[in-house]
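> I would like the atomic coordinates for the input below:
(2 chains)
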There are 2 protein chains.
Amino acid sequence: MIKAAIMGYGTVGSGVAEVLDINRSSITKRAGEEITVKYVLDLRDFPGDPVQDKIVHDYQTIVNDPEVKIVVETMGGVEPAYTFVKAMLEAGKHVTTSNKALVAAKGAELIALAKEKNVNFMFEASVGGGIPIIRPLNSSLTADEIEEITGIVNGTTNYMMTKMSEEGLEFDEVLRDAQEKGYAEKDPTADIEGYDACRKIAILTSLVCGQQVDFEDIHTEGITRISAADIKYARAMGRAIKLLACSKKAEGGYVAMVAPFLLPQTHPLYSVSGVFNAIFVHGNVLGDAMFYGSGAGKLPTASAVVSDVVDIAKHLDVNIAVEWSSRKLELVDYKSLKNRYFVRTTAEKAAVEQAFGSVEYVTAEGVTGELGFLTECMSEADYEKCAAQLDVVLQMIRVA
Amino acid sequence: MIKAAIMGYGTVGSGVAEVLDINRSSITKRAGEEITVKYVLDLRDFPGDPVQDKIVHDYQTIVNDPEVKIVVETMGGVEPAYTFVKAMLEAGKHVTTSNKALVAAKGAELIALAKEKNVNFMFEASVGGGIPIIRPLNSSLTADEIEEITGIVNGTTNYMMTKMSEEGLEFDEVLRDAQEKGYAEKDPTADIEGYDACRKIAILTSLVCGQQVDFEDIHTEGITRISAADIKYARAMGRAIKLLACSKKAEGGYVAMVAPFLLPQTHPLYSVSGVFNAIFVHGNVLGDAMFYGSGAGKLPTASAVVSDVVDIAKHLDVNIAVEWSSRKLELVDYKSLKNRYFVRTTAEKAAVEQAFGSVEYVTAEGVTGELGFLTECMSEADYEKCAAQLDVVLQMIRVA
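Coordinates of the predicted model:
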């Protein structure tokens, strides 16, 4: 029997206890031994809950119990999760976490510490919820140079974009709806401003290039400026607007960004709707691949955490190598990225063509008093120079 | 330096040599050591080819060379691949194969032999070409009871169905086109009759249930009877016809089948077009997930083989447990499977309703002199009883 502890008994933490219980027999078979939860660390008590007798309030209780081999961290946020996780690894305990903030900020350091202590630090659930993506990147896509990784990695914003697209609603209306349904938080900033997606693409890029990518370096735009009129133009072009977190090999390294993009119907991510997530990967020999599934939610995310627990149970005496050194990767400036751009302006055609040269005009039903057009493919830097020549730019959305 | 051998220098085998070469530095980094090909077994010689000096014609040369640790089998077919692979494992060499026929027929036995010899027998490339699916099933989806696994696992037929659907062509025309483009073989039987998909779903089902599933037990229908008129009806219903290989948990065990299905636009597999493959998985806690990518082709398939080679290189002294015992799993009779059915008949409405009760009629532009209708949800057995009451059934396609 392998003893585990759960730190943080919120949505995901309680889901982990539930999954270990629901699928006990098959998990035992796969792990080779039964996994039982000895402690649940939380500030609160949970009278009446199945774990009520396991609740502890001091993480040192877990640190000091040599019987606990595996610790699940589902608290969220960098502190105190970082302090707790570090103490667990230093005490020779394996750790798995669903905490993207922790992994993005401290991943390299915790991976190195785990290696030093011959234990494992795993984080499958930190990106894409239930979708297996971290382990496939580490152990399946090993024959390839990954040239691009682009994800719809935030369910809240994808739900909102889908709803705006299907029902022609404005941003504020769908935000209220998402909050009522529990898909968006009371303070939705981290989702709608793209900060959540930014941390996730920082993690994926770090794994792909094997070095530390600081999320602060990634140019990030959210979806707050997307309007019903934009959706009408998108439909007129047979495209969908999605918040993408992307990372590409570029001359001199990697370039990453988070922003809304106009996707064509032929793109594998086009039909990823509602709260679903998907991660598209292009390898130099594999070609295109995509991993799709539930990007959030109690049980899907817990499923990913428990898959780490099983993997750890099978590797109690072995550190599984993860290539992610603490050496910082300087990203290539996103302004060198080349795209086409969809632009809305109140300028006249003559001014547009003087600024951008040849463009492709787009009209959308019911949108008047402005011009919509697609530019040629150009760098962000060149786009900015051209756009600066127009008096008013109402909107710019990149075209994937 | 780790020495490897390739058995079979056809499309995939030469792709393996190419991928090891193209991505040598990153593969070396991930494997921990450089992997070099010492022998290539083939009946032919390849004068002028980079491997010309490595060609051997007798597999015993490889068996008897203790320096060779990893053997890649890309010959195809059960024999002599089985004899060769068995000899390699018995000599203490690790094996990876892309050969679905071998894995479906002898997987359990070769996995057991590998375990006994403390080596690994891997087969990522045997299903879904470059798509990582075998390793995710073994090591990522371990927290779940897999309740359904449904795949588009044959690129040839998916290309043909897509082409029929997009261009309104008849089966024979698209088959010729596929043959001209090299997507279908001269003798296309294994693809168009569903035999290839059948072996692949046998492998996936064996992994999901941990026991031997004999492909001969799986009810298999191909796409040869799909016509341009069927496609017209599908379009009228907003659906696509896809050849699916599926396996589901059912009362008393698992049920599996291969057949064309009508998929709604909301199904993740709906938009999998052309030669792409995808495997949809439903877990009891994960919910829906999908793995998408290039299901065939030289480099994508070689990418999967080489990912096995890297995994083996990281586990030269460790047998990675694979749950697939040789104990045969008796599948539940597919006739207990419940579906809706789309039926075309020359019978009158009165006869249809007498046979099936309440149905939903469908009309397709340009199709006359017959009736098309959707039945209620019922078992295959009940469907057969109802259908037997009609004088003529022109077509029946299941609805997913």
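> would you tell me whether the helix or strand harbouring residue A:111 gets close to chain B?
Element membership for residue A:111 (DSSP states H and E) is helix A:100-116. No - under the criterion of Cβ under 8 Å from any Cβ of the partner chain, chain B is not reached by helix A:100-116; the shortest gap measures 13.5 Å. To be clear about C-beta, it is placed using only N, CA and C from the backbone, and glycine gets the same treatment.
> hmm, who's touching that helix?
Outside helix A:100-116, the residues that touch it by Cβ atoms under 8 Å, 6 or more residues apart in numbering or on different chains are A:73, A:76-78, A:81-82, A:85-86, A:89-90, A:94-95, A:97, A:120-121, A:123, A:126-127, A:196, A:199-200, A:202-203, A:206, A:211-212, A:215, A:319, A:321-322, A:324-326.
> just stretch A:80-87 next, same as before
Applying Cβ under 8 Å, 6+ apart, the contact partners of stretch A:80-87 are A:7-8, A:41, A:59-60, A:63, A:71, A:73, A:75, A:95, A:97, A:99, A:101-102, A:105-106, A:110, A:113, A:121.
> can you rerun that using 6 Å?
Defining contact as Cβ atoms under 6 Å, 6 or more residues apart in numbering or on different chains, one finds that stretch A:80-87 is touched by A:7, A:59, A:63, A:73, A:75, A:95, A:99, A:102, A:106.
> so which bits of that stretch are buried?
A:81, A:82, A:84, A:85, A:86, A:87 (16 or more other Cβ atoms under 10 Å in any protein chain shown).
> how about the fourth one, secondary structure?
State at residue A:85, reduced to three classes by DSSP: H, G, I helix; E, B strand; the rest coil: helix.
> same deal with residue A:174?
Secondary structure, three-state DSSP: residue A:174 is helix.
> OK, contacts around it?
A:160, A:163, A:164.
> distance to chain B, neighbour count and secondary structure for those residues - can I get that in a markdown table?
Shown next, in a markdown table, are the contacts of residue A:174 (distance: Cβ to the nearest Cβ, whole Å; neighbours: other Cβ atoms under 10 Å in any protein chain shown; DSSP: H, G, I helix; E, B strand; the rest coil):
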| residue | distance to chain B | neighbour count | secondary structure |
| --- | --- | --- | --- |
| A:160 | 19 | 28 | helix |
| A:163 | 15 | 20 | helix |
| A:164 | 18 | 23 | helix |
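> closest one to residue A:284 out of those residues, please.
residue A:160 (34.5 Å; Cβ to Cβ).
> got the confidence number for the closest one?
At residue A:160, the predicted lDDT confidence score is 97.
> go ahead and confirm it touches residue A:178.
Yes - at 5.5 Å, residue A:160 counts as touching residue A:178 under the criterion of Cβ atoms under 6 Å.
> are we agreed that residue A:262 is in a helix?
No - going by three-state DSSP, the assignment for residue A:262 is strand, not a helix.
> could you list everything it pairs with in the sheet?
Counting by DSSP bridges, residue A:262 forms beta bridges with residue A:241, residue A:399.
> quick one on the thing from earlier: okay, the buried residues of stretch A:80-87 in CSV with distance to residue B:288 next?
As requested, these are arranged in CSV below (distance: Cβ to Cβ, whole Å):
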residue, distance to residue B:288
A:81, 29
A:82, 33
A:84, 33
A:85, 31
A:86, 36
A:87, 37
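> now the nearest residue to residue A:67 once chain neighbours are set aside: phi and psi?
Using Cβ to Cβ, 6 or more residues apart in numbering or on different chains and skipping the chain neighbours, the partner closest in space to residue A:67 is residue A:3 (4.8 Å). The phi/psi pair for residue A:3 (degrees, to the nearest 10) reads phi -90, psi 130.
> and residue A:3, what does it touch?
Counting by Cβ under 6 Å, 6+ apart, residue A:3 has contacts A:38, A:67, A:68.
> touching stretch A:138-146 from outside, list them.
Applying Cβ under 6 Å, 6+ apart, the external contacts of stretch A:138-146 come out as A:208, A:283-286, A:322, B:19, B:23, B:26, B:30, B:132, B:135, B:303, B:306-307, B:310.
> cutoff 7 Å now
Stretch A:138-146 is contacted from outside by A:207-208, A:281, A:283-286, A:322, B:19, B:23, B:26-27, B:30, B:132, B:135, B:303, B:306-307, B:310-311, using Cβ atoms under 7 Å, 6 or more residues apart in numbering or on different chains.
> mind listing which of the residues you listed are in helices?
Mapping these onto helices (DSSP state H) picks out A:207, A:208, B:19, B:26, B:27, B:30, B:135, B:303, B:306, B:307, B:310, B:311.
> kindly write the ChimeraX command that selects the buried subset of these.
Here is the ChimeraX command that picks out the buried ones among these, judged by 16+ other Cβ under 10 Å:
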select /A:207,208 /B:19,26,27,30,135,303,306,307,310,311
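> and the ones in helices among the contacts of stretch A:138-146, which two are the farthest apart?
With Cβ to Cβ as the measure, no two of these lie farther apart than A:207 and B:19, at 20.3 Å.
> so how far is stretch A:331-338 from its chain's centroid?
Put simply, stretch A:331-338 sits 20 Å off its chain's centre (Cα atoms, centre = their mean, to the nearest Å).
> first-to-last residue distance for that stretch?
Length of stretch A:331-338, first residue to last, Cα to Cα, to the nearest Å: 15 Å.
> buried residues, that stretch. List them.
Neighbour-count burial for stretch A:331-338 flags A:331, A:332, A:334, A:337 (criterion: 16+ other Cβ under 10 Å).
> for stretch A:306-323, same thing?
Going by neighbour count (16+ other Cβ under 10 Å), the buried part of stretch A:306-323 is A:306-314, A:316, A:319-320, A:322-323.
> before we move on, which element is the most centrally placed residue in chain A in?
For chain A, the residue sitting closest to the mean C-alpha position, by Cα atoms, centre = their mean, is residue A:200 at 3.4 Å. In this assignment (DSSP H and E), residue A:200 forms part of helix A:195-209.
> does anything pack onto that helix? Which helices or strands?
With contacts defined as 3 or more Cβ pairs under 7 Å, 6 or more residues apart in numbering or on different chains; DSSP states H and E, the packing partners of helix A:195-209 are helix A:100-116, helix A:134-139, strand A:146-152, strand A:239-250, strand A:253-264.
> mind exporting the fourth one as CSV, just the C-alpha atoms?
I take that to be strand A:239-250. C-alpha atoms of strand A:239-250 as CSV (Å, rounded to 0.1, in the frame of the first residue of the first chain):
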residue,chain,number,x,y,z
ARG,A,239,-13.6,31.8,-39.9
ALA,A,240,-13.9,31.5,-36.2
ILE,A,241,-12.2,33.7,-33.6
LYS,A,242,-10.3,31.7,-30.9
LEU,A,243,-7.9,32.8,-28.2
LEU,A,244,-4.7,30.9,-29.1
ALA,A,245,-1.6,30.4,-27.1
CYS,A,246,1.2,29.7,-29.5
SER,A,247,4.8,29.1,-29.7
LYS,A,248,6.9,28.6,-32.9
LYS,A,249,10.4,27.9,-33.9
ALA,A,250,11.8,31.0,-35.4
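> let me see the mean pLDDT of that strand.
Strand A:239-250 comes out at a mean pLDDT of 97.
> tell me which other helices or strands that strand touches.
Judged by 3+ Cβ pairs under 7 Å, 6+ apart, strand A:239-250 is in contact with strand A:146-152, helix A:155-167, helix A:195-209, helix A:228-236, strand A:253-264.
> hang on, the earlier thing: okay if I get the helices and strands packed on helix A:195-209 as a markdown table plus distance to residue B:370?
Converted to a markdown table, the helices and strands packed on helix A:195-209 look like this (distance: least, Cβ to Cβ, whole Å):
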| stretch | distance to residue B:370 |
| --- | --- |
| helix A:100-116 | 56 |
| helix A:134-139 | 47 |
| strand A:146-152 | 43 |
| strand A:239-250 | 38 |
| strand A:253-264 | 37 |
